[in-house]
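Asker: Compute the structure for the input listed below.
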Amino acid sequence: MGEEAVVTATTARDVTVIRLRGEVDEDNAPFLAGALAQAAASGLPRTVVDLSGTFFVDSSVLHALLDAQRAHADAGSVLVLAGPLHTAVRRLFEVTGAAAAFRMADSLATAMTC
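Answerer: Numbers count the residues shown, from 1 in each chain. This next block holds a predicted model:
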């Protein structure tokens, strides 16, 4: 059995940081979608999704991220995905071709300013 999923959101220096930990799937995607929607509506200029602590995400997470990308663009804010990405997570973005839809950074520190 995998590690229990945790989705947390914090705000620092005009950036919302959403951290995913454990295995995030369709059971947890609504929590992620809610956090992403709040971030897009917040008026802050940047949201960073830290994926470095998750070893697995499924297509429901990818859909939540794609919806959030559109919402952030509509709101005039930036959504950045931060790694490093674990193999299974990176593979999902590669296989689906979704990586091109996102601004991605190799670390949380880089994602805060890129």
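Asker: Could you check how far the nearest residue to His86 once chain neighbours are set aside is from Gly76?
Answerer: Distance criterion Cβ to Cβ, 6 or more residues apart in numbering; nearest residue to His86, sequence neighbours excluded, is Phe55 at 4.8 Å. The way it works is simple: take the backbone N, C-alpha and C, and place the C-beta from them, glycine included. Using Cβ to Cβ, to the nearest Å, Phe55 is found at 33 Å from Gly76.
Asker: higher neighbour count, those two?
Answerer: Legend: neighbour count by other Cβ atoms under 10 Å for Phe55 and Gly76, higher for Phe55 (16 against 9).
Asker: so that one is in which element?
Answerer: Per DSSP states H and E: Phe55 is located in strand 46-57.
Asker: could you point out which element follows that strand?
Answerer: Sequence order places helix 59-75 as the next helix or strand after strand 46-57, per DSSP H and E.
Asker: Mind listing what's buried along that next one?
Answerer: Residues Ser60, Val61, Leu62, Ala64, Leu65, Ala68, Gln69, Ala71, His72, Ala75 are the ones in helix 59-75 that count as buried (16 or more other Cβ atoms under 10 Å).
Asker: The residue nearest to His86: what's it in contact with?
Answerer: Gly2, Glu3, Gly22, Glu23, His86, Ala88, Val89 (Cβ atoms under 8 Å, 6 or more residues apart in numbering).
Asker: residue ranges with poor pLDDT in the protein?
Answerer: Along the chain, segments meeting pLDDT under 70 span 1-2.
Asker: What segments of it are helices?
Answerer: Assigned by DSSP state H, the chain shows helices spanning 29-41, 59-75, 87-96, 108-111.
Asker: Scan the contacts of Phe55 and report the most crowded one.
Answerer: Among the contacts of Phe55, Val89 has the most neighbours (other Cβ under 10 Å), with 22 neighbours.
Asker: mind listing what it touches?
Answerer: By Cβ under 8 Å, 6+ apart, the contact list for Val89 reads Leu51, Thr54, Phe55, Phe56, Val57.
Asker: Would you format those as a markdown table with distance to Thr11 included?
Answerer: Formatted as a markdown table, these follow (distance: Cβ to Cβ, whole Å):
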| residue | distance to Thr11 |
| --- | --- |
| Leu51 | 18 |
| Thr54 | 21 |
| Phe55 | 26 |
| Phe56 | 27 |
| Val57 | 23 |
